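Undergrad: Provided below are the primary sequence and the corresponding predicted coordinates.
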Amino acid sequence: MVSVVGLAGPIGSGATHTAAAVVDAANRTATAAATPILAGPWGRAQEGYGHAEPRNVFNGGDPTGLLENIQWLTWGGPRAVGVGHGFYLATNQVTAEARGATAVIVAFKLGSCHGRRAYNAVQWYFPEYGEHFNPRAAGYRLCTG
């Protein structure tokens, strides 16, 4: 029998599991570090910013800045795309007239924020009302506000 010495001592019998656990933990840490977050937050009343694949995103303020129950279809590539429930507000309507509707959320401008890999722009839109993704319309600098 050949004995190999690794980080946790001789690899064989019970030590194999210990060495494998060390390698597995290192791989999980590296993967977590590489997983981007939604940049931010830049204010106190926000939700979802600073997290990977947030379930809810809230800009703070009125309900038109809230997207809930997001189901992410993609995450980690140049653009992350999800579907959630938000409040649609037509041009010339007041906030009280906002209607609940399904929205598509797109996180993009993949870069870094405070040393972490992050999406630095986000936009959601309501296809049911003829809206579509327009990267030029997203004016937020999510990392700094």
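TA: Ah, there it is.
Undergrad: When you work out contacts or count neighbours from here on, use the C-alpha atoms and nothing else.
TA: Will do.
Undergrad: how about the host helix or strand of Ala103: buried residues?
TA: Per DSSP states H and E: Ala103 is located in strand 99-113. Using 16 or more other C-alpha atoms under 10 Å as the test for burial, strand 99-113 gives 101-108, 110-113.
Undergrad: So what are the sheet partners of that strand and their directions?
TA: strand 80-88 (antiparallel), strand 116-125 (antiparallel) (DSSP bridges).
Undergrad: The closest residue to Asp62 other than its chain neighbours: how many residues sit nearby?
TA: Of all residues not flanking Asp62 in the chain, Thr95 sits nearest, at 7.5 Å (C-alpha to C-alpha, 6 or more residues apart in numbering). Residues contacting Thr95 under the criterion other C-alpha atoms under 10 Å number 14.
Undergrad: residues contacting Thr95?
TA: Going by C-alpha atoms under 8 Å, 6 or more residues apart in numbering, Thr95 touches 62-64, 89.
Undergrad: Equivalent analysis for Ala80, please.
TA: Contacts of Ala80 by C-alpha under 8 Å, 6+ apart are 72-74, 106-108.
Undergrad: With Phe58 instead?
TA: For Phe58, the contact set (C-alpha under 8 Å, 6+ apart) comprises 45-48, 65-67.
Undergrad: Quickly check the residues you listed for the two that are furthest apart.
TA: Ala45 and Leu67 (14.1 Å; C-alpha to C-alpha).
Undergrad: Using the three-state scheme, assign Thr64.
TA: Classification of Thr64 using DSSP: H, G, I helix; E, B strand; the rest coil returns helix.
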